[in-house]
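> the following comprises the amino acid sequence and a computationally predicted model.
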Amino acid sequence: MPTRLVSLLRTDWAPLLVALVGTAALFAFSGRYGLHRDEMYFIIAGRHPGFGYVDQPPLTPLLAAAEAQILGVSAMAIRVLPTLAYAAVVLLSAAIAREFGGGRLAQFVAALTVAVSGWIAIAHVVSTETFDILGWLALLLVLVRIFRGGDPRLWLLVGLVAGITLENKDLLVYLAVGVVAGVLLARRFDLLRSKWLWAGAAIALAIWLPNLVWQSAHGWPQLEMARVIAKHSGADNRSGLIPIQVLLAGPFLVPIFVAGLWWLLRSKESVPWRPIGWAYLISLAVIYVTKGKGYYNGGLIPVIIAAGSVPAARWLQRGGRAIRFAKSATYVGATAVSGALVVFIALPVMPDSRFPTSRVARGNTVAVDTYGWPSFVAQVEAVSSQLTPTERDQAAILAGNYGEAAALELLGGPGLPRVYSGHNSLWDWGPRDDSRTTTILVTSQPGAGDHFGPWLGPCRLAASIDLGFPSGITEEQGAGVWVCGPRTAPWSDIWSRFRHLD
């Protein structure tokens with residue numbers, strides 16, 4: 001079996017070169033602007049280790065906190081693992097194309113298409129989706145080998161990878177539903193009769209069990225999070241489902257994706273892998289019905305691209321020299337344009353000084369959420385420095401969301417008061433020190449002083465945050481920094497009022 005594992009990961013030099021060039025490009029952009037709000041939140045959450053959090057399983061926060069501890073708290077340092085994940089997904093895509101029967105050209109097409117796809121946007125920052133797609137692809141590579149008659153003991157490896165992936169994000173359930181339904185639709189009942197499949201399922205469940213126990217003990221907060229997301233963003237998620245799928249496949253490379261889906265569902269040579277084609281369609285339908293986000297089945301898209309590289313390579317090789325040259329030029333041109341568009345949309349290419357007022361800022365929410373945090377922290381610190389020494393010693397900062405709280409905690413100076421927030425898991429680590437009777441309240445909520453005054457004491461507006469963005473681009477632009485107090489009620493009596501999930 002070890003020999004078989006090595007053969008699964010074998011790759012040609014061309015995909016390796018593509019992965020190296022793409023990795024170098026991502027590293028070049030990784031330090032631009034700054035840390036993303038989610039990255040900072042993951043670091044803070046990982047410093048409170050547990051078997052789960054209200055908004056995700058534990059793996060990504062623990063990895064982010066470990067990176068920050070070892071390499072330091074900076075954008076370039078924290079993005080080492082996502083960049084390596086990018087390279088791994090490119091190479092795994094080429095390996096899957098080989099498993100589908102693709103030769104060197106098909107493997108190169110798979111690697112290059114995935115390298116310039118929307119995967120760039122996901123791999124630019126630390127996110128649960130970054131490691132989720134890596135886990136899906138590793139699992140699907142093994143499934144592709146099993147489906148074509150590979151050693152059934154590989155189901156044990158599927159279980160191991162599935163269990164680890166579930167400790168990162170429970171979206172693997174979408175894949176499981178899709179694959180099981182695909183196996184039934186494709187009448188691959190032979191797969192269900194393997195004792196190794198059930199042994200692998202037991203391994204996956206055993207690894208996932210600590211998080212399931214934690215979720216159960218805390219009232220299944222991730223289900224509550226899913227309901228909140230569906231309620232607040234369900235319509236937008238549905239309308240954006242197909243556009244996001246197109247972006248993930250590569251805007252001008254969608255024909256390869258479509259060819260892959262068609263090949264998996266209709267070609268005679270792809271019969272062993274028919275369940276994967278069905279799994280994509282079924283997972284897409286489930287996401288639509290549940291109002292999930294468009295990238296929830298993103299781990300299947302590189303596999304469909306890998307499938308499409310097989311007929312694409314044959315198309316490129318058909319015809320005379322002039323025809324082949326024209327086809328190759330068409331593919332290279334589409335790759336260049338698609339990649340450039342994805343990079344422009346997803347990566348921080350705009351100069352810092354021009355970005356806040358540019359049109360890019362209105363569409364690139366990832367870049368927006370990495371911009372301006374040092375300035376935000378400095379403006380809150382300026383309010384803190386205006387307090388009297390007694391007030392500062394007795395003060396706490398209450399931030400409106402996890403990005404603000406994490407930025408203040410990670411980037412703030414040593415004299416900054418303790419930072420708290422009621423947002424998501426941060427509420428669990430809320431204030432316990434009732435001696436802190438002055439509260440610096442940071443929030444974008446209009447009329448916050450009147451709203452929170454009954455619990456925090458009289459509030460005065462001390463500053464308004466200005467990051468240079470037009471109004472409405474980011475929650476922090478125009479947010480108020482209020483000084484409230486003295487607080488008369490103990491935190492234990494009022495803290496429940498500050499909890500919010502989204």
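Done, it's in.
> averaged pLDDT, the helix or strand residue 403 falls within. What do you get?
Residue 403 is part of helix 402-411, with elements assigned from DSSP states H and E. What helix 402-411 shows for mean pLDDT is 96.
> and for stretch 276-295?
Stretch 276-295 comes out at a mean pLDDT of 92.
> what about that stretch, distance to the chain center?
Distance of stretch 276-295 from the chain centroid (CA atoms, centre = their mean, to the nearest Å) equals 17 Å.
> buried residues, that stretch. List them.
276-284, 286-287, 291-295 (16 or more other CB atoms under 10 Å). All C-beta atoms are positioned from the backbone trio N, CA, C, and that covers glycine.
> what comes into contact with the helix holding residue 403?
Helix 402-411 is contacted from outside by 35, 37-38, 40-41, 43-44, 73, 369, 373-374, 376-377, 380, 397, 399, 416, 419-421, 423-426, 442, 476, 479, using CB atoms under 8 Å, 6 or more residues apart in numbering.
> could you list which of those residues belong to strands?
Taking DSSP state E as the definition of strands, these contribute 397, 399, 419, 420, 421, 442.
> among those, which ones are buried?
Among the ones in strands among the contacts of helix 402-411, those scoring as buried are 397, 399, 419, 420, 421, 442 (criterion: 16+ other CB under 10 Å).
> between those residues, which is nearest residue 177?
residue 421 (34.6 Å; CB to CB).
> for that closest one, list each beta-bridge partner.
Assessed by DSSP bridges, residue 421 has beta-bridge partners residue 399.
> mind listing what it touches?
398, 399, 400, 401, 402, 404, 405, 427, 498.
> what's near enough to touch the nearest residue to residue 440 once chain neighbours are set aside?
Using CB to CB, 6 or more residues apart in numbering and skipping residues adjacent in sequence, the residue nearest residue 440 is residue 397, 4.6 Å away. By CB under 8 Å, 6+ apart, the residues touching residue 397 are 380, 384, 405, 408, 416-420, 439-442.
> distance of residue 397 relative to residue 436?
10 Å (CB to CB, to the nearest Å).
> overlap in contacts of the two?
Common neighbours of residue 397 and residue 436 (CB under 8 Å, 6+ apart) are 417, 418.
> show me where this protein has strands.
395-399, 418-421, 438-443, 459-464, 480-484.
> partners of the last one, with directions?
According to DSSP bridges, strand 480-484 forms sheet pairs with strand 438-443 (antiparallel), strand 459-464 (antiparallel).
> what sits up against the last one?
What it means is strand 459-464. Here strand 459-464 has contacts from 379-380, 382-383, 386, 440-441, 448-450, 452-453, 478-484, using CB under 8 Å, 6+ apart.
> tell me how the protein divides into domains.
2-346, 373-498 (automatic domain parsing).
> one step back: in a markdown table, list the strands paired with strand 480-484 along with mean pLDDT and distance to residue 261.
What follows is those, written out as a markdown table (pLDDT from 0 to 100; distance: least, CB to CB, whole Å):
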| stretch | mean pLDDT | distance to residue 261 |
| --- | --- | --- |
| strand 438-443 | 95 | 46 |
| strand 459-464 | 95 | 50 |
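> hey, which of those is tucked in deepest?
Of the strands paired with strand 480-484, the one with the most neighbours on average (mean count of other CB atoms under 10 Å) is strand 438-443, at a mean of 25.
> what is the neighbour count of the nearest residue to residue 126 once chain neighbours are set aside?
Ranked by CB to CB, 6+ apart and with sequence neighbours excluded, the top spatial neighbour of residue 126 is residue 39, at 4.6 Å. By the criterion of other CB atoms under 10 Å, residue 39 has 26 neighbours.
> kindly provide the distance from residue 39 to residue 293.
Residue 39 is 18 Å from residue 293, by CB to CB.
> verify the stated contact: residue 362 with residue 471.
No: if you go by CB atoms under 8 Å, residue 362 and residue 471 don't touch, sitting 11.7 Å apart.
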